[in-house]
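# Make a model of this:
(2 chains)
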Amino acid sequence: MADPAPNMPDIRIDMTSAGRQLAPSLERRPSPLAQVTDSRWPDQLFRYAMWACAISVLVILALIVYELVLNSRLSWNAFGLSFFSGQDWDPVQDHYGALPFIYGTLVSSLLALVIAVPLAVGTAIFLTEMCPVWLRSPLSFFTELLAAIPSVIYGLWAIFILVPILRNYIQPGLAKWLGWTGLFEGPPFGIGMLAAGVILAIMILPVISSITREVMRVVPSHQREGVLALGATRWEMIRVGVLRNARTGIVGGIILGLGRALGETMAVTMVIGNRPEIAKSLFAPGYSMASVIANEFSEATGDLYLSALVEIGLALFFVTIIVNALARLLVWSVTKGQPARGNV
Amino acid sequence: MSNSVTPNQAMAGSNALEIPNVSKRRMVTDHVMTALSVSAMFLVLAPLLAIFGYLVYKGVGSISWDFLTQTPKPVGEPGGGMANAIEGSAVILGLASLLGIPVGIGAGIYLAEYGRGGYLGFIVRFVSDVLNGVPSIVIGIVAYSLVVLKQKHFSALAGGVALAIMMIPTITRTTEEMLLLVPSQIREAAFGLGVPQWRTTLSITLRTALPGVITGVMLAFARVAGETAPLLFTAFGNQFWNFNLNQPTAALPLQIFAYAISPFDEWHKQAWAGALVLIVMIVVAVSAVRLAVSRGNLRGAH
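From the prediction side, this is the model:
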């Protein structure tokens, strides 16, 4: 406390003595929050603790890269770049090539995008531009719910429900009408690349759809009003006023969905067929990078075998990192780094 | 839509103003696109209903008291259950939460309170967004190299580490977002009363944002609760009870996976029951915490 002004010492003495008599408890118990002592060191300590937590996020990324690179060295030294172009996967001869898995991952993910993108964008358009307001939040909730289902349950459902449907109804139809393309040939097993693509499509739908909705929401409404005022129909308003403004973000959402599809493991493992072959037909069984790791990692005998599996993991890691970073930058460029909030 | 055409035509006829009529082709396109997006909505809802419908239908039919209290039996023997897997999942998830939640919240606090505008803040933010997209199977490999290779055997600890790594980025980002929503006047008021910064952050800012932070934590929890891939070669699975963190442990998702790809009908039924239990556990855990946050005394001052 600063010294009181020299012309009013009496008042101060009076006040304190009166205060002591009237409310003694007030003086003896200062507020628990007010600290008179030097509080610099707890602040510093707290700051460093929080800093350590933040740094640990970076450390985790560094550890991931370090462990993957370290443990895949053996395979890298043995095969070099030909690891990614070799088609043999032969644990008996200890010779490994990852091309069938790369092919399987790419084809199943692209198939998933072909199916999911129109549906996801259609859903987002419906939810942001057409849906009555009272329906909007329950329907968005249900779409988001798809994202909460664990991958293994998708796989379970796919094995017992989706695969029989594909085998009995969809695949014969596709073979009959589109068989001439060569993509839908061979015996309809149900299990195979097509099943993997369909289940992946269902799984990445909520990702694409929610990002698309987010970026459509940040399109200012005067854009819509302006286009409508020029006499556009609703679809023209959506196309010119909304989709054109949000396209960067939508592409970002699609790439984010692609990233999710590339790394998806369990559901794909359960329906893709797990055979390391490259076949043109989507009915044929295949194999993906994530599923070969899931199936063979804990049974891999031999250092080179294990190392080859880790190298597949490393490749998967780099591809998803690049895909995700690209997607984030695209989405950030539309939403300016802040996700759009609320149900407006 | 038809009444939007009539006024246009009426006005064009009566007024000198040239308002172009909507041509037939444009009208048809409009209707077709509307129909397409409505049907997209239905097509998206269909698998959701089908999955939940079958889950409840198949799961309720095969769930029983034995299922919840017994360990797996060999093929051919009737009965048996997944009690040890439920326990194992709880242990692994508890461990993951213990490791992941404090670090995630701490990193979120750093980003919101200290890291605004700085380089480090930007990098941490970006890296956690990127980590969010790393495939779970890759996290499994890393946990295997970090823990299993050092210990020389599979363990619940390794599973917990893998899931904790997956929880951290989600919690970091949601905590940061929630803390940034707290008005800075509240912080300034606390500083004005002489409260040190660490106390302000913990008792004022974090407490105010607590409902949101807990929602984020539960989202992360729900996400890893169903994860199977990172547990395949960390927790590995176990047919018996295990309470030792250093031993291979059963987990519900692992057991569902093993039974689903098996050729036995009896095991398929158990897989459905397990899936139902897993979903119910996730939903109950998430809604219980959210209820406690919105009703109970955990509620922050908004």
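# outside of whichever strand or helix holds residue B:259, which residues touch it?
Assessed by DSSP states H and E, residue B:259 sits inside helix B:252-260. For helix B:252-260, the surrounding residues in contact (CB atoms under 8 Å, 6 or more residues apart in numbering or on different chains) are A:150, A:152-153, A:155-156, A:159, A:266, A:270, B:72, B:82, B:85-86, B:88-89, B:226-228, B:231-232, B:235-237, B:267-268, B:270-271, B:274-275, B:277-278, B:281. Glycine gets a C-beta too; all of them are placed from N, C-alpha and C.
# if you look at these, which of them are in helices?
A:152-153, A:155-156, A:266, A:270, B:85-86, B:88-89, B:267-268, B:270-271, B:274-275, B:277-278, B:281 (DSSP state H).
# so who does the residue lying closest to residue B:279 once chain neighbours are set aside touch?
In space, and not counting its chain neighbours, residue B:279 is closest to residue B:55: 6.4 Å by CB to CB, 6 or more residues apart in numbering or on different chains. Counting by CB under 8 Å, 6+ apart, residue B:55 touches A:153, A:157, B:272, B:275-276, B:279.
# Now the element after the strand or helix carrying residue B:55, going C-ward?
Using DSSP H and E, residue B:55 sits within helix B:24-62. Using DSSP H and E, the helix or strand that directly follows helix B:24-62 along the chain is helix B:65-69.
# ok, for the residue of the stretch 1-150 of chain A found nearest chain B, nearest residue in space, not its chain neighbours?
Going by CB to the nearest CB, chain B is nearest to residue A:150 of the stretch 1-150 of chain A, at 2.2 Å. With CB to CB, 6+ apart as the criterion, residue A:150 has its nearest non-adjacent residue at 2.2 Å, and that residue is residue B:226.
# Need phi/psi at the one you found.
Backbone torsions for residue B:226, taken as degrees, to the nearest 10, come to phi -100, psi 0.
# That one contacts residue B:281, correct?
No: using CB atoms under 8 Å, residue B:226 is not in contact with residue B:281, being 9.5 Å away.
# which ones are touching the closest residue to residue B:209 other than its chain neighbours?
Computed as CB to CB, 6+ apart, the closest residue to residue B:209 that is not its neighbour in sequence is residue B:178, at 4.2 Å. Taking CB under 8 Å, 6+ apart as the contact definition, residue B:178 lies against B:108, B:209, B:212-213, B:216.
# so which of these is the most crowded?
residue B:108 (32 neighbours; other CB atoms under 10 Å in any protein chain shown).
# If you drop the residues flanking it in sequence, what lies closest to it?
Closest to residue B:108 by CB to CB, 6+ apart is residue B:175, at 2.6 Å.
# got it, and residue B:159?
residue B:235 (3.2 Å).
# before we move on, what about residue A:136?
Counting by CB to CB, 6+ apart, the residue nearest residue A:136 is residue A:127, at 6.0 Å.
# my read: that neighbour touches residue A:133, true?
No: using CB under 8 Å, residue A:127 is not in contact with residue A:133; the gap is 10.8 Å.
# Those two: which has the busier surroundings?
residue A:127 (24 against 7).
# State the distance from the more buried one to residue B:118.
Going from residue A:127 to residue B:118 by CB to CB, to the nearest Å gives 37 Å.
# From the centroid of chain A, which residue is nearest?
residue A:260 (5.1 Å; CA atoms, centre = their mean).
# List the contacts of residue A:87.
A:97, A:99-100, A:278.
# what about residue B:98, neighbour count?
Here the number of neighbours of residue B:98 (other CB under 10 Å) works out to 11.
# ok, and for the longest helix anywhere in chain A, which residues are buried?
Identified as the longest helix of chain A according to DSSP H is helix A:40-79. Across helix A:40-79, burial judged by 16 or more other CB atoms under 10 Å in any protein chain shown covers A:43, A:46-47, A:50-51, A:53-54, A:56-58, A:60-61, A:64, A:67-68, A:71-72, A:74-76, A:78-79.
# In CSV, list the contacts of residue B:178 along with distance to residue A:174, pLDDT and secondary structure.
Shown next, in CSV, are the contacts of residue B:178 (distance: CB to CB, whole Å; pLDDT from 0 to 100; DSSP: H, G, I helix; E, B strand; the rest coil):
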residue, distance to residue A:174, pLDDT, secondary structure
B:108, 48, 95, helix
B:209, 51, 90, coil
B:212, 47, 85, helix
B:213, 48, 90, helix
B:216, 43, 87, helix
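# Closest one to chain A out of the residues you listed, please.
residue B:108 (8.2 Å).
# any weak-confidence spans in the chain?
Just so you know, I chose chain A. A:1-39, A:336-344 (pLDDT under 70).
# The chain in question should be chain B.
B:1-20, B:293-302.
# so how far is chain A from the residue positioned nearest the centre of it?
For chain B, residue B:223 is the residue whose C-alpha lies nearest the centre (CA atoms, centre = their mean; 2.8 Å). Residue B:223 sits 8 Å away from chain A, taking CB to the nearest CB, to the nearest Å as the criterion.
# In terms of helices and strands, where is that residue?
Per DSSP H and E: helix B:210-225 holds residue B:223.
# Helix B:252-260 and that helix, what's the angle between them?
30 degrees (axes from the mean of the first three to the mean of the last three CA atoms, to 10 degrees).
# and the residue of the stretch 201-344 of chain A found nearest chain B, how many residues sit next to it?
Taking CB to the nearest CB as the measure, the point where the stretch 201-344 of chain A comes nearest chain B is residue A:263, at 2.6 Å. The number of residues packed near residue A:263 is 27, by other CB under 10 Å.
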